[in-house]
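Visitor: model this:
(chains A and B)
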Amino acid sequence: MAKLQAIRGMNDILPAQTSTWQALEAAFHRVVNRFGYQEIRFPVLEQTQLFKRSIGEVTDIVEKEMYSFDDRNGDNLSLRPEGTAGCVRAADQHGLLYNQQQRLWYQGPMFRHERPQKGRYRQFQQFGVEAFGMSGPDIDAELIQLSADLWRELDIAEALVLQINNIGASAERKAFGAALTAYLEAHSERLDDDARNRLYSNPLRILDSKNPDMQALLAEAPVLADYVSEESVSHFEELKALLSNAGVAFEVNPRLVRGLDYYNNCVFEWVTDSLGAQGTVCGGGRYDGLVEQLGGKPTVAAGFAMGAERLVLMLETLDKVPQQVPTSLYIVVPNGLAKEAQSLAATLRGEMPEQRIISHCGGGKPASQLKRAFSLGARYAILLDSEGLDQGVVRLRELKDGGEEATLTLDEAPVQIAQRLLRA
RNA sequence: GUGACUGUAGCUCAGCUGGUAGAGCCCUGGACUGUGACUCCGGUGGUCGCGGGUUCGAACCCCGUCAGUCACCCCA
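Guide: Okay, the predicted model is just below:
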């Protein structure tokens, strides 16, 4: 029988990496709390319809990347490819949105059936933040500041660049799209296959083509900025002013268009060149029409999501992986002293519940147990032996070159050990 | 979905133009240190991704398939 293995693009995260993940999650939680956002949790599965109506029927995500299937009732369900749709559905369903302001965050796995590559997997973790009921550019600026705060917290700020753009309202984009299509049609002989395919279905996507020939052609093309409303422009200008005031550097990237249909007005991405092809670490923007589009009362909104795997990759490549918390104490247990070791360990854990204490199990000679203590990076070892226990003492050894070695009575051991562990 | 490269012990890899598989690390037994490391001796562990084919004979050649990596596409 063939060996069972993980589904393609769905990765196991092993102990060597989980401490990095935990540190990342902790940092995110700190920042999000600092800004007064509240956690919301919602299912991994939703009606397929929810994603089709929010993300857009003709987007790549919906057309070819969703994990969809019929359940036993014949309902067509999909694993969530992103978080915003489910978040909006949940918040609206429970009346959190109407005439209210909400600042929400979530985290969890998302699923897209794409070809895996560096920084892109079929199951991936996102941290997301969504703000409802605030129409001004101040909330957009707040979201961006929140993300910038996280980069500082993770010490990766210098490796990230903020790009922003104003993509206007959907009607305006439609008008611009028509103009763009007309322009490109006039130069159809210069279009690559990809651009030709998108010419009528989604012309805006041609804007961020990586093909230099396309970019050259686009240099003379109509500009989206000329099609967006005055109101939208002034919103964008205010956002820029707020960012400058907050000391957040940004680049306006007129080619920045997002792949989900629900965005409008200002959108942004944090990008890095330290991850290869998948340089976008965080992306978001306003989506003022989405709640209504999904059947709720009109509710303005903005938010973003970031990819946890990409952040972990960044931490690793930039050598910012936080240090693991070391094992505090390893109890070396000669054969026959299991009971004594168990009692001692219980006492010590009760005395210092925050410390990591491992009591050796499985026997073996003291020498190899001590070796294990060293290789685990433990700070101290207790060496039990029956003669010592008869006299009511244990030996404590500091596990580093030239470390101290002391004999402690069983009574004073907890206090003595705690003192040593606490003085760093 | 397309393309390129890769797939040999738990890990990192070697294996010349095809002749029945090796090293280091790890783990482990012992010697030696009262209690790790360094040194010495010994040991466990591989259907060479999988399935076909060519051949007297394939880890090495051919085809297929699966998986990994990176890129395109797209996005977090």
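
Visitor: what's near enough to touch A:Arg120?
Guide: A:114, A:278 (Cβ atoms under 8 Å, 6 or more residues apart in numbering). Where you see a C-beta, it was placed from the backbone N, CA and C, and this is true even at glycine.

Visitor: A:Gly283 now?
Guide: With Cβ under 8 Å, 6+ apart, A:Gly283 has these contacts: A:258, A:267-270, A:304-306.

Visitor: Mark which of these are buried, thanks.
Guide: A:258, A:267-270, A:304-306 (16 or more other Cβ atoms under 10 Å).

Visitor: ok, and which of the residues you listed reach RNA strand B?
Guide: By Cβ under 7 Å from any atom of the strand, the members of the buried ones among the contacts of A:Gly283 lying near RNA strand B are A:258, A:269, A:305-306.

Visitor: Give me the pLDDT for the spatially closest residue to A:Tyr227 that is not a sequence neighbour.
Guide: Among residues not flanking A:Tyr227 along the chain, A:Phe176 sits closest, at 3.9 Å (Cβ to Cβ, 6 or more residues apart in numbering). The score at A:Phe176 is 90. That number is its pLDDT.

Visitor: host element of A:Phe176?
Guide: If you go by DSSP states H and E, A:Phe176 is part of helix A:170-186.

Visitor: Summarise which helices and strands whatever helix or strand comes next after that helix is packed against.
Guide: Per DSSP H and E, the first helix or strand lying C-terminal to helix A:170-186 is helix A:193-201. Packing partners of helix A:193-201 (3 or more Cβ pairs under 8 Å, 6 or more residues apart in numbering; DSSP states H and E): helix A:170-186.

Visitor: Could you give the bridge partners of A:Val129?
Guide: Going by DSSP bridges, A:Val129 is paired in beta bridges with A:Trp105, A:Phe304.

Visitor: mind listing the helices for the stretch 151-300 of chain A?
Guide: A:170-186, A:193-201, A:212-218, A:230-246, A:290-293 (DSSP state H, counting those that start in this stretch).

Visitor: out of the ones you listed, which comes closest to A:Phe51?
Guide: Relative to A:Phe51, the nearest member of the helices of the stretch 151-300 of chain A by Cβ to Cβ is helix A:290-293, separated by 11.9 Å.

Visitor: if we can go back for a sec, check whether the helix holding A:Phe176 comes near RNA strand B.
Guide: No. Helix A:170-186 is not in contact with RNA strand B by Cβ under 7 Å from any atom of the strand; minimum separation 13.4 Å.

Visitor: Might you calculate how far that helix sits from the centre of the chain?
Guide: How far helix A:170-186 lies from its chain's middle: 35 Å, per Cα atoms, centre = their mean, to the nearest Å.

Visitor: list the buried ones in it?
Guide: Using 16+ other Cβ under 10 Å as the test for burial, helix A:170-186 gives A:172-173, A:175-177, A:179-181, A:184.

Visitor: Can you check what angle separates that helix from helix A:193-201?
Guide: Relative orientation of helix A:170-186 versus helix A:193-201 (axes from the mean of the first three to the mean of the last three Cα atoms, to 10 degrees): 130 degrees.

Visitor: Which neighbouring elements make contact with helix A:170-186?
Guide: Using 3+ Cβ pairs under 8 Å, 6+ apart: helix A:170-186 touches helix A:193-201.

Visitor: mean confidence score for the helix it packs on?
Guide: Here helix A:193-201 scores 78 as its mean pLDDT.

Visitor: Which residues does it contact?
Guide: With contact meaning Cβ under 8 Å, 6+ apart, helix A:193-201 is reached by A:58, A:181, A:184-185, A:188, A:191, A:205-206, A:209, A:211, A:214.
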